[in-house]
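Peer 1: sequence below, structure please.
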Amino acid sequence: MRAHPLVLVMCVLLGSTAYWSWRIVSANDVPARVSFAVCVPEPFPKTIPSNLPWLTDSFAPPPMAVCIAKPGRACVAGQLWLSPSARSLWKKAHGSELFPFNTVKLTSLLRASAPETSDIEEDDDEPTEDNNARCSCDEIFVGADGRYELQLLPGNYDISASSADDLFVGNLLSLQATEGAIIDHEDIGLTISLHLRGIVLNNQGVPLPHVQVVAKLSAATDETPPWSMKLRTADDGGFDLPHLQDLAYDLEFSSSQFRSSLLSHVMPNKGDLTVRLSRAPSLLGVVAQGKDGCPPQVSAKSPNGGVVSASVDPADCTFFFQRLPRGDQLRISATIDSRLVEQHITVPAVGDPPTACLGGPCSHAPAVLLVMPVGADVDALFVSTENKDEDSLGQSMMTSGGFSPNRYYAFSSLKAGQTVRVGNSDNITDQPRITLVAGINEIVLPLRNVNVVGEIN
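Peer 2: Next comes the predicted model:
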């Protein structure tokens, strides 16, 4: 029996609308159920003509808006959808699979070069207003059906989506926008938002604020530049990297006066991390005295070309490099009476190199004290040296804006065997004592708020 012509027409309509319905509902994890029973060669029912408009309206999607690029921009359009895990969590929490896509914020961030952490400038530990800012970028909210449209200037973008409660996130990485381009069907799946959280401490257990944290995907990608996220630890040393995927990440922690630390293949939402940073290596030394006295300075050079210089104390010909060029091997040099003298130094993986003697022989064992103040907001440090055979000697250090976090402040021209008091006031009873050993000594000094009156000599 031949099918009625109207039935054939209806089958064509159903096939077309079923395809579009499947595209919409399958993207939202809703099974598409379209019955084609009416297409079998049965007698044509009289009710079909009256039901045909209802069937067409039910399965046909809303008309797709035409994506038109504005002058000088690219038009990017697509639709958001929930992953099965996200939909399951939403249904469990709200008792419904109906998700309010119009509460999702869509953010377009213009990519910059991947942050470099190999060399951090001396003032790079200082907090700035945008240290922990997510981005300075365009933000829009999507429609109730999950559709969105972005008008982007030419460039390479990361597109991210986040729900109002920050529970669901999605992204579209390394989208290249060119002027006049129409980029359609860029659908974004929303998944459960994952985090990497933790705290950064020094070896004495003191929280370190303003440490740079850089996250990169562990798996190699062909993106240019590769995806990365950068922020600073908070005042309590904590960090929270949000909106991550269920993938492995490499984390690098850097601060100017500490050794960098790398954690590889870290998975989000597996518990808080505790990261400990050790102080970056320093070098203390003595240079031989020439006919004209001590040379004015000593230079240290690494094989990769990094060079730093340190002044020589004319009183005892000692020098101190608080920060060394990066590298396992260094060459230190000075000019004594127009003669270049050099020495090769090996930088250990842990701790400091031994005290150097450049152009020897060297007659004494110098000492230096590194003080890391933590706690109160104060602007003075005191180091007093007590000797049995001579009057007490003192050193002070003043700042106009308070001492910076994560910093060791150096007190030099000291000798091994001396006992010193360290504090932030001139009250002797408040100052802890430390007996110096030859080489580099360090102390973490808890501070209290003190009003310093008068001039300190």
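Peer 1: list the contacts of residue 412.
Peer 2: By CB atoms under 8 Å, 6 or more residues apart in numbering, residue 412 lies in contact with 313, 318, 320, 366, 368, 369. In this view, the C-beta of every residue, glycine as well, is placed from N, C-alpha and C.
Peer 1: please confirm that residue 89 is located within a helix.
Peer 2: Yes: according to DSSP: H, G, I helix; E, B strand; the rest coil, residue 89 belongs to a helix.
Peer 1: surely it touches residue 192?
Peer 2: Yes: Residue 89 is in contact with residue 192 according to CB atoms under 8 Å; the separation is 6.1 Å.
Peer 1: list the buried ones in the helix or strand harbouring residue 420?
Peer 2: For residue 420, the host element (DSSP states H and E) is strand 419-423. Of all the residues in strand 419-423, those buried under the rule 16 or more other CB atoms under 10 Å are 420, 421, 422, 423.
Peer 1: want to throw those into TSV with distance to residue 356 and pLDDT?
Peer 2: Listed next are the buried residues of strand 419-423 as TSV, based on distance: CB to CB, whole Å; pLDDT from 0 to 100:
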residue	distance to residue 356	pLDDT
420	23	85
421	28	82
422	25	83
423	31	77
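Peer 1: ok, of these, which one's closest to residue 159?
Peer 2: residue 422 (52.9 Å; CB to CB).
Peer 1: tell me the domain ranges of this structure?
Peer 2: Here the domain parsing of the chain from automatic domain parsing is 5-59, 74-192, 195-277, 283-362, 368-446.
Peer 1: mind telling me which of those domains the model trusts least?
Peer 2: Mean pLDDT is lowest for domain 5-59 among the domains of the chain, at a mean of 46.
Peer 1: re earlier: can you name the residues in contact with the strand holding residue 420?
Peer 2: 369, 371, 381-386, 411, 414, 428, 430-436, 443, 445.
Peer 1: cool, and stretch 304-322?
Peer 2: 257, 282-289, 293-301, 323-327, 334, 364, 366, 368, 370, 408, 410, 412-413.
Peer 1: picking that back up, who does the strand holding residue 420 pair up with?
Peer 2: strand 380-387 (antiparallel), strand 433-435 (antiparallel) (DSSP bridges).
Peer 1: quick check: buried residues in the longest one?
Peer 2: This means strand 380-387. So, applying 16+ other CB under 10 Å, buried residues of strand 380-387: 380, 381, 382, 383, 384, 385.
Peer 1: what is residue 414 paired to in the beta sheet?
Peer 2: Bridge pairing for residue 414 - DSSP bridges - gives residue 367.
Peer 1: follow-up on the earlier one: in JSON lines, list the domains of the chain along with distance to residue 66.
Peer 2: As requested, those are exported to JSON lines (distance: least, CB to CB, whole Å):
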{"stretch": "domain 5-59", "distance to residue 66": "16"}
{"stretch": "domain 74-192", "distance to residue 66": "9"}
{"stretch": "domain 195-277", "distance to residue 66": "30"}
{"stretch": "domain 283-362", "distance to residue 66": "55"}
{"stretch": "domain 368-446", "distance to residue 66": "54"}
